[in-house]
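*Asks:* Provide a 3D model corresponding to the input given below.
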Amino acid sequence: MNAARNSAVAVSSTRHGTADFLELVTRTATLDPEERGLRRRLVLLLCLSAVLLAGHVWVRMQAHALGYQSDALGRIVNRLDQERMELEMAAARESSPALLAVRARELGMQKAGLGQLRRLEPDAKP
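*Replies:* Model (predicted):
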């Protein structure tokens, strides 16, 4: 009897205690109340750990996604800022007095003669 028990202990110790742990987790009929409470705590802690780990992974993935979106928005802002600067330069170039004078002559416009200009006062009614 002792030889059979020693061989069973030797087998379980060669498996690094895996069989004992699995047997402890899976058996239900011979649990005392204290062991049952410990098992409930273990299962609860494992479930809580899994939920926390999943939450941590989800938060990290969302942080990375927001980082990518922020980077894309930064590139868009830079491109739009450069386009705005180019448009402001083009507007300034097109509204220069020398260029406007040349274009007015091309269109046949002349300087206004006497009596052609009339000033409107803000308080005056037509």
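*Asks:* state the mean pLDDT of the longest helix anywhere in the chain.
*Replies:* What stands out as the longest helix in the chain, according to DSSP state H, is helix 33-94. Per-residue pLDDT over helix 33-94 has a mean of 95.
*Asks:* show the subsequent helix or strand relative to it.
*Replies:* If you walk from helix 33-94 toward the C-terminus, the next helix or strand you reach (DSSP states H and E) is helix 97-106.
*Asks:* tell me the spacing between the residue positioned nearest the centre of the chain and residue 77.
*Replies:* If you average the C-alpha coordinates of the chain and look for the closest C-alpha using CA atoms, centre = their mean, you land on residue 66, 1.1 Å from that point. Applying CB to CB, to the nearest Å, one obtains 16 Å for the distance of residue 66 from residue 77. Every C-beta, even on glycine, is put in place using the N, C-alpha and C of the backbone.
*Asks:* how about residue 45?
*Replies:* Here the distance between residue 45 and residue 77 works out to 47 Å (CB to CB).
*Asks:* could you report the pLDDT at residue 15?
*Replies:* Residue 15 is assigned a predicted lDDT (pLDDT) of 49.
*Asks:* please renumber so the chain begins at 837
*Replies:* Let's use 837 as the start, then, which means that last one is residue 851.
*Asks:* which SS class is residue 955?
*Replies:* Following DSSP: H, G, I helix; E, B strand; the rest coil, we place residue 955 in the coil state.
*Asks:* burial count for residue 870?
*Replies:* Under the neighbour criterion other CB atoms under 10 Å, residue 870 is assigned a count of 8.
*Asks:* ditto for residue 856
*Replies:* Look at residue 856: counted by other CB under 10 Å, it has 13 neighbours.
*Asks:* residue contacts, residue 877?
*Replies:* Neighbour list for residue 877: empty [criterion: CB atoms under 8 Å, 6 or more residues apart in numbering].
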